[in-house]
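Asks: build me a model:
(chains A, B and C)
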Amino acid sequence: MAPPKVQALALVDCNNFYVSCERIFRPDLTHVPMVVLSNNDGCVVSRSNEAKALGVKMGAPWFECTALAEQHGILAMSSNYALYADMSNRVMNILSEFSPRSEVYSIDECFVDLTGTPKMREVSYAMRDRIGMWTGMPVCVGIGPTKTLAKLANHVAKKHPRSKGVFNYNALSPEQKTQLLAHISVEEVWGVGHKLTQKLARHGVHTVQDLRVAHVPTLRAEFGVVMEKTQRELQEVPCIELQEIQPERQQIICSRSFGGMVTELDVLKDALSTFAANACAKLRAQNSHAAVIQVFLQTNRFRKELPQYMPSLAVPLPYPTHDSLEVNRWASCLCERMFKPDYQYKKAGIMLSEISPVTRRQGDLLEPETTSNAKLMQALDQLNQRYGRGTVKVSTQGAFKGWQMRQERKSPNYTTCWDAIPVV
DNA sequence: TCTCCGATTAGAC
DNA sequence: CTAACGGTCTAATCGGAGA
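Replies: Numbers count the residues shown, from 1 in each chain, chains lettered A, B, ... in the order given. Purely as a prediction, here's the structure:
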């Protein structure tokens, strides 16, 4: 039997994705140092190359950057997820035409199986060029025999301008591979974060090459199966398969930090009704039911001088549901049971778990299921899909102000809202 | 003693 | 000008409770 062919997996990753999305509709910002902030205008989640060069750190709280920002004229924008999701879909659609096997890994990344493709480099540049031409999005392509090495190859493509956005690990000789890996810090490896980098250093593992040739039993004993898989992947043995169909969510969380402090029960309930509606919409979108609902409240953990309270309460539902109204009633009830006055709440959320497909739900003669709500929910989803999220809401949703997040620097919804199209 | 479960940890993006 | 630090998700691991 012939040995299995070496895979050629391409990881296509958008450059500075959120920032690039904003720039596509604001070409005047192309060379402006800029960042995109997380929800509530809290932290830096995307940086332009200019902002990186000025030392703005990923994940930094924005209020800590304002001095630097003022000094250098760094522009900060609120995140516009409707825009990013739409741009992502456009990029992914283009990529899907290059291979029958691909995996949308995240909003800005896609694995594309190019195994057996002749002229790998040409195809990679074709992907880049077509995405650039049709969407304006800059991307880099990394090719490797495993997901982990494709990721690493992408890192090389991003970091070295000489690669012109494409790097093929498979094209290297064994000596070149060793050389390359010996010059990359182990923290660049997919699955090795901050903590593991430190722990690996304590074991004398600093570079990717160190990890690749590390003593297997020790690695296994000290770092577990995950690290062992990572090592195997670096040795070109595929351990992490391409996931062409993405599995259904096992749990769904909807939570938000508030724009300000919240002290009233009714405001918390109002926020939770929005979270319940969003969580159930996600549940219905994947045709599932949840059997457990959990609600949590949180005071501001960064305000150490204030009294802290972070309760959380879970209940099994009498029967699995995806009904916004019913989930909202439970959320409300749980909220009431946990609520204590005299605390300043900063965040709340709802978690749905024990999720199963609707089709596998057991019939039960005593089941109080009614079809009326099901039809209502279906209509609600269709309206919100057609006319935009938030067109139709559950009664109390949005009646109380004071919890909505701050978004003082948001761009218009260029691609999903007619009114946002600039008049020439 | 074995298994199950919830909480905790680590990571990705 | 205030006050100001994200949101979802998965998998592994560990310790205690219960069988």
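Asks: so which residue of the stretch 51-200 of chain A comes closest to DNA strand C?
Replies: A:Pro61 (3.3 Å; C-beta to the nearest atom of the strand). (C-beta placed from N, C-alpha, C; glycine too.)
Asks: partner residues bridging that residue?
Replies: A:Cys43 (DSSP bridges).
Asks: would you map the strands across chain A?
Replies: A:9-14, A:34-37, A:44-47, A:75-77, A:102-106, A:109-113, A:139-144, A:166-168, A:252-262, A:288-299, A:312-321, A:345-357 (DSSP state E).
Asks: biggest helix in chain A by residues?
Replies: helix A:265-285 (DSSP state H).
Asks: with only the CA atoms kept, save it in PDB.
Replies: Output in PDB follows, covering the C-alpha atoms of helix A:265-285 (Å, rounded to 0.1, in the frame of the first residue of the first chain):
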ATOM      1  CA  LEU A 265     -33.700  44.900  39.000                       C
ATOM      2  CA  ASP A 266     -35.900  46.000  36.100                       C
ATOM      3  CA  VAL A 267     -32.900  47.200  34.100                       C
ATOM      4  CA  LEU A 268     -31.200  43.900  34.600                       C
ATOM      5  CA  LYS A 269     -34.300  42.000  33.600                       C
ATOM      6  CA  ASP A 270     -34.600  44.200  30.500                       C
ATOM      7  CA  ALA A 271     -31.000  43.400  29.500                       C
ATOM      8  CA  LEU A 272     -31.600  39.700  30.200                       C
ATOM      9  CA  SER A 273     -34.600  39.700  28.000                       C
ATOM     10  CA  THR A 274     -32.500  40.800  25.100                       C
ATOM     11  CA  PHE A 275     -29.900  38.200  25.900                       C
ATOM     12  CA  ALA A 276     -32.600  35.500  26.100                       C
ATOM     13  CA  ALA A 277     -34.000  36.500  22.700                       C
ATOM     14  CA  ASN A 278     -30.500  36.400  21.100                       C
ATOM     15  CA  ALA A 279     -29.500  33.100  22.700                       C
ATOM     16  CA  CYS A 280     -32.800  31.500  21.600                       C
ATOM     17  CA  ALA A 281     -32.400  32.800  18.100                       C
ATOM     18  CA  LYS A 282     -29.000  31.200  17.900                       C
ATOM     19  CA  LEU A 283     -30.500  28.000  19.300                       C
ATOM     20  CA  ARG A 284     -33.300  28.000  16.700                       C
ATOM     21  CA  ALA A 285     -30.800  28.700  13.900                       C
END
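Asks: output the contacting helices and strands for it.
Replies: Under the contact criterion of 3 or more C-beta pairs under 8 Å, 6 or more residues apart in numbering; DSSP states H and E, helix A:265-285 touches strand A:252-262, strand A:288-299, helix A:324-338, strand A:345-357, helix A:371-387.
Asks: average pLDDT across the second one?
Replies: Summarised as a single mean, pLDDT over strand A:288-299 is 93.
Asks: what about that strand, near DNA strand C?
Replies: No: judged by C-beta under 7 Å from any atom of the strand, strand A:288-299 and DNA strand C are separated, with a smallest distance of 9.0 Å.
Asks: now the angle between strand A:312-321 and that strand, please.
Replies: 160 degrees (axes from the mean of the first three to the mean of the last three C-alpha atoms, to 10 degrees).
Asks: got the buried residues for strand A:288-299?
Replies: Neighbour counts over strand A:288-299 (16 or more other C-beta atoms under 10 Å) mark A:Ser288, A:His289, A:Ala290, A:Ala291, A:Ile293, A:Gln294, A:Val295, A:Phe296, A:Leu297, A:Gln298, A:Thr299 as buried.
Asks: spell out which residues of chain A are next to DNA strand B.
Replies: A:105-109, A:151, A:189-197.
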